[in-house]
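Novice: next input, structure requested:
(4 chains)
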Protein chains: 2
Amino acid sequence: MAPEPTNTIQIPAYGDEHLAVDFSQQYATLDSVRMPLTRKEYDLLALLVQHAGEIIPRDALLLRVWGYGAEIRTRTLDVHVRRLRKKLGAYADVYIETIFGIGYRFQPFHAPRFFQSEPKPAAAVA
Amino acid sequence: MAPEPTNTIQIPAYGDEHLAVDFSQQYATLDSVRMPLTRKEYDLLALLVQHAGEIIPRDALLLRVWGYGAEIRTRTLDVHVRRLRKKLGAYADVYIETIFGIGYRFQPFHAPRFFQSEPKPAAAVA
DNA sequence: GCGGAGTTGTAAAAAGTTTGTAAAAAGCGC
DNA sequence: GCGCTTTTTACAAACTTTTTACAACTCCGC
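Specialist: I've put the predicted structure just below:
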């Protein structure tokens, strides 16, 4: 009876400086040019974009885009991420972050990126 | 009788003047900048921080972070402590104390370091 | 203080794991 | 079959963790 946690969030569309996704019409544009996405590519992008800023574990992506359970071992997710990145061109890694050991995260164009190399061995504290 | 919580107390977050740890999202920030921690580094830091002010014996750390029993001889704990300290930069030894022959202890930023036999579960930070 | 046994610190190598990638194979609709 | 999409395969590259080897330090009795 417990209703599933809303798996279809009602966002009509996403848009930032370069990328736009129309979820009702199911297509995306990059710098105003329509991106030719295949079905799976779109599904993957849409899921990532609908959770912009959140880390989505591989498990979750495989389950929600492919219906795969945890027992299935495949590299198809990686391949699709790669194709998406390719089609995102120069913005590839700006938009799609890899969270090592966990999954992926879509970041809106201007979102602050927390990762920085190494904290400088700063000056001593007395 | 209030039912005693099990040994795993769920504190939502920790924060002091410089360090913050979000246990539900599993990340830490140092002076508002996100610390890039690997999983094991995070696990170790989280366990220490959740027991701030308490000495945690090596045995306990090895058991709870690595699942190792007393028979296993390894220096991986020391190496991980070292990496954590490195990432804590100037605050390294302010936060992570070595208790010779026993283990380690995380101290909140302002906690005084005195000779006390058994430091009580230190009062919350202001 | 001094020395030794045991403990911890550290850098670097080795080992283990995860992700990236190209190309081939498999699947699907026409 | 043909063209397109998706999955698998096989290996490379990137990243994380553990081990190794030795230096430095602490404790304790003398």
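Novice: what residues does chain A have near DNA strand D?
Specialist: A:36, A:38-41, A:66, A:74-76, A:79-80, A:100-101 (Cβ under 7 Å from any atom of the strand). For the C-beta atoms, the positions are set from N, CA and C on the backbone; glycine is no exception.
Novice: can you get me the start-to-end distance on stretch A:17-35?
Specialist: Between the opening and closing residues of stretch A:17-35 we find a distance of 15 Å, counting by Cα to Cα, to the nearest Å.
Novice: pick out the residue in chain A sitting closest to DNA strand D.
Specialist: Closest approach of chain A to DNA strand D (Cβ to the nearest atom of the strand) occurs at residue A:38, with a separation of 2.7 Å.
Novice: give me the pLDDT for that residue.
Specialist: According to the per-residue confidence, residue A:38 scores 96 in pLDDT.
Novice: where's it relative to residue A:27, distance?
Specialist: 12 Å (Cβ to Cβ, to the nearest Å).
Novice: let me have the residues of chain A next to DNA strand D in JSON lines, adding neighbour count and secondary structure as columns.
Specialist: Rendered in JSON lines, the data for the residues of chain A next to DNA strand D read as follows (neighbours: other Cβ atoms under 10 Å in any protein chain shown; DSSP: H, G, I helix; E, B strand; the rest coil):
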{"residue": "A:36", "neighbour count": "10", "secondary structure": "coil"}
{"residue": "A:38", "neighbour count": "11", "secondary structure": "coil"}
{"residue": "A:39", "neighbour count": "8", "secondary structure": "helix"}
{"residue": "A:40", "neighbour count": "16", "secondary structure": "helix"}
{"residue": "A:41", "neighbour count": "19", "secondary structure": "helix"}
{"residue": "A:66", "neighbour count": "16", "secondary structure": "helix"}
{"residue": "A:74", "neighbour count": "10", "secondary structure": "coil"}
{"residue": "A:75", "neighbour count": "8", "secondary structure": "coil"}
{"residue": "A:76", "neighbour count": "13", "secondary structure": "helix"}
{"residue": "A:79", "neighbour count": "11", "secondary structure": "helix"}
{"residue": "A:80", "neighbour count": "19", "secondary structure": "helix"}
{"residue": "A:100", "neighbour count": "9", "secondary structure": "coil"}
{"residue": "A:101", "neighbour count": "9", "secondary structure": "coil"}
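Novice: mind listing what the residue nearest to residue A:13 when sequence neighbours are not counted touches?
Specialist: Once flanking residues are discounted, residue A:13 sits nearest to residue A:22: 5.1 Å by Cβ to Cβ, 6 or more residues apart in numbering or on different chains. For residue A:22, the contact set (Cβ atoms under 8 Å, 6 or more residues apart in numbering or on different chains) comprises A:12, A:13, A:28.
Novice: residues near the last one, how many?
Specialist: When neighbours are counted by other Cβ atoms under 10 Å in any protein chain shown, residue A:28 registers 25.
Novice: doesn't it belong to a helix?
Specialist: No. Judged by DSSP: H, G, I helix; E, B strand; the rest coil, residue A:28 forms no part of a helix; its state is strand.
Novice: wait, isn't it in contact with residue A:42?
Specialist: Yes. Counting by Cβ atoms under 8 Å, a contact exists between residue A:28 and residue A:42, whose distance comes to 7.1 Å.
Novice: now residue A:30: how far from residue B:23?
Specialist: If you measure residue A:30 against residue B:23 using Cβ to Cβ, the figure is 38 Å.
Novice: what of residue A:67?
Specialist: Where residue B:23 is concerned, residue A:67 sits at a distance of 32 Å (Cβ to Cβ).
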